[in-house]
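>>> need the 3D shape of this:
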Amino acid sequence: MKIHLIAIGGAVMHNLAIALHNLGHEVTGSDDEINSPSKERLLARGLLPEKFGWFPEKISLDLDLVILGMHARLDNPELNKAIELGLNVQSFPEYIGKCYAGKTRVAIAGSHGKTTTTSMIAHILKANGRKFDYLIGSNIEGFDTMVSISDAPIAILEADEYLTSPLDRRSKFLHYHPDIAIITGIAWDHINVFPTFDDYLDTFREFIKTIPDKGHLIYYKNDQNLANMLAEPYDVTDRVAYAEFPHHILPNGDLVLSDTSGKEYPIQFFGKHNLENFQAAFHVCRLLGLSEGAILQAATSFAGAGKRMELICRNEHFAAYLDFAHAPSKLKSTIDAVSARFLDFTKIAIYELHTFSSLNVDFLKEYKNTMKNADVKIVYYSKHTLEMKKMNMIEPEDVIKAFNEEDVHIFSEKEELMHFINQQKMYNTVLLWMSSGNFDGLDVKNISKSFV
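Have a look, this model is predicted:
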């Protein structure tokens, strides 16, 4: 087929473009801004647009399909041209939902932990030679793309609650109709889409209703919002509550998992939230027919998803990590995990406000006390990001008040941020970068390695 992707530069959209290209389709696309690594990955396959922007002349009657990404706005000239010509326009969740129809579908939903949990499942299945398709929000070691479309009998989907597309205001995960669903927890996010917490809860209620009555719901048992929601009537009867997977900590701080017979399995990931994520992944893999030993053995080689507690570099007296940390609950759990792992180290936490919610003054109060376990607290926001999102500028005083931390350092210029970081002592220190953006193009990995 001849397929055009509007907003091809997105994390999922560019991977979908690559997957379709690998299947032999003729793929084109447009976007007004494409950043790394999407830019390089599209370029390597001849899929990078020659110019950035929207070009309605690319939309013609010979297109078999137009796939619409969420980054495009309702007044997008290419979208308007496609509608005018009566072309087949689908959002990527709609298209993926149709591609995966008839498979055993596993959808991982929740306000945090989706990518890591999905990545764990994918890693375990691959290590055990199982064939499956997948849609994951981050790169994983051993996988060429984040999207796979094939004749595999299983599909693993990171199920996002954000909007489907400018034409479809429903949450993405309502297109997936999973046989097995995980909900990792619910903490208000995406204030630009869900202006109240009740609105946010409602979309998860709708998600639960898409699970067939013979399906399976795996949920985090210590989340009060989930507990209240699941007290309501739903058709799905098989519900499995989970918490942390059984484990113990060695004197050097490393973690070991234990099976029912007492056999131990050393792992590379750490943190309470990741042990919870693994327990959810474990339940899914058991439902898919894997043995306890096969799952735990595969877990020993799981190094994490890209930008999810990703180790950049480490020696005896310094470590640096990169984490997505897109929401208040994730920011807190990431800092808490690092604090528990590196008790005697100075923790320098650098957080970029990047999402629509985090850059909204009314939502900022949700970040209260989330950085309290960091020794040096840094918050950065980009004026360029605010301009691109067409949002009002926020003031440093707003951030300080919202975080409830008098010693938080606020920066909106990357040069000033780097000057401050370079003044810090990096001996017996953990440097923790957290953002769903890219710190205005700072090469945080090479910066971190320079301190080793």
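>>> what average pLDDT does the longest strand belonging to the chain get?
For the chain, the strand with the greatest residue count under DSSP state E is strand 346-353. Per-residue pLDDT over strand 346-353 has a mean of 96.
>>> sheet-wise, list the partners of that strand with their directions.
strand 376-381 (parallel), strand 429-434 (parallel) (DSSP bridges).
>>> how far out from the middle of the chain is stretch 376-384?
In terms of C-alpha atoms, centre = their mean, to the nearest Å, the centre of stretch 376-384 is found 20 Å from the chain centre.
>>> what's that stretch in contact with?
Residues from elsewhere that reach stretch 376-384 (C-beta atoms under 8 Å, 6 or more residues apart in numbering): 346-354, 359, 371, 393-394, 399, 403, 405, 407-412, 414, 417, 420-421, 424, 435, 437, 439-440. C-beta coordinates here come from the backbone N, C-alpha and C atoms, glycine included.
>>> now the strands for the stretch 301-450 of the chain?
Taking DSSP state E, counting those that start in this stretch, the strands of the stretch 301-450 of the chain run over residues 310-315, 318-323, 346-353, 376-381, 409-411, 429-434.
>>> given the fifth one, what are its sheet partners and their directions?
Take DSSP bridges as the rule and strand 409-411 pairs in its sheet with strand 376-381 (parallel).
>>> got any ranges where this structure has weak pLDDT?
Counting by pLDDT under 70, the chain shows low-confidence ranges at 306.
>>> where do the domain boundaries of this protein fall?
Listed by automatic domain parsing, the domain ranges of the chain are 2-87, 95-299, 310-449.
>>> how long is the second one end to end?
Read that as domain 95-299. Using C-alpha to C-alpha, to the nearest Å, the end-to-end distance of domain 95-299 comes to 31 Å.
>>> chain center to that domain, what's the gap?
Distance, centroid of domain 95-299 to centroid of chain: 12 Å (C-alpha atoms, centre = their mean).
>>> ok, now the shortest one?
The chain centre lies 22 Å from the centre of domain 2-87; the measure is C-alpha atoms, centre = their mean.
>>> ok, which stretches of the stretch 201-350 of the chain are helices?
For the stretch 201-350 of the chain, applying DSSP state H, counting those that start in this stretch gives helices covering 224-230, 272-287, 292-299, 328-341.
>>> which parts of the stretch 51-200 of the chain are helices?
77-84, 92-99, 114-127, 197-209.
>>> and those helices: which comes nearest residue 134?
Taking C-beta to C-beta, helix 114-127 is the member of the helices of the stretch 51-200 of the chain nearest to residue 134, at 5.3 Å.
>>> take the domains of the chain and lay them out in CSV including mean neighbour count.
CSV is the format used below for these (neighbours: other C-beta atoms under 10 Å):
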stretch, mean neighbour count
domain 2-87, 18
domain 95-299, 19
domain 310-449, 18
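>>> sec struct for the nearest residue to residue 426 once chain neighbours are set aside, please.
Distances taken as C-beta to C-beta, 6 or more residues apart in numbering put residue 451 closest to residue 426, at 4.2 Å, once the chain neighbours are dropped. Here residue 451 is recorded as coil under DSSP: H, G, I helix; E, B strand; the rest coil.
>>> neighbours around residue 451, how many?
Residue 451 has 19 neighbouring residues, counting by other C-beta atoms under 10 Å.
>>> contact partners for it?
318, 320, 426, 429, 431.
>>> send me the longest strand of the chain as PDB with only the CA atoms.
Listed next in PDB are the C-alpha coordinates belonging to strand 346-353 (Å, rounded to 0.1, in the frame of the first residue of the first chain):
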ATOM      1  CA  THR A 346      24.800  12.900  47.300                       C
ATOM      2  CA  LYS A 347      21.700  12.800  45.100                       C
ATOM      3  CA  ILE A 348      21.500  15.500  42.400                       C
ATOM      4  CA  ALA A 349      18.100  15.400  40.800                       C
ATOM      5  CA  ILE A 350      17.500  17.400  37.600                       C
ATOM      6  CA  TYR A 351      13.900  17.500  36.400                       C
ATOM      7  CA  GLU A 352      12.600  19.100  33.200                       C
ATOM      8  CA  LEU A 353       9.000  20.300  33.100                       C
END
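>>> report the inter-axis angle for it versus strand 318-323.
Calculated by axes from the mean of the first three to the mean of the last three C-alpha atoms, to 10 degrees, strand 346-353 forms an angle of 20 degrees with strand 318-323.
>>> so strand 346-353 versus helix 328-341, what angle?
Strand 346-353 and helix 328-341 are oriented at 170 degrees to each other (the same axes, to 10 degrees).
>>> roughly how far is strand 346-353 from the heart of the chain?
19 Å.
>>> how about the nearest residue to residue 308, chain neighbours excluded?
In space, residue 308 is closest to residue 116, 4.8 Å off (C-beta to C-beta, 6+ apart).
>>> against which helices or strands is the helix or strand that residue 15 is a member of packed?
Counting by DSSP states H and E, the element that carries residue 15 is helix 11-22. If contacts are counted by 3 or more C-beta pairs under 8 Å, 6 or more residues apart in numbering; DSSP states H and E, helix 11-22 sits against strand 2-6, strand 26-30, helix 38-44, helix 92-99, strand 147-148.
>>> cool, thanks, signing off.
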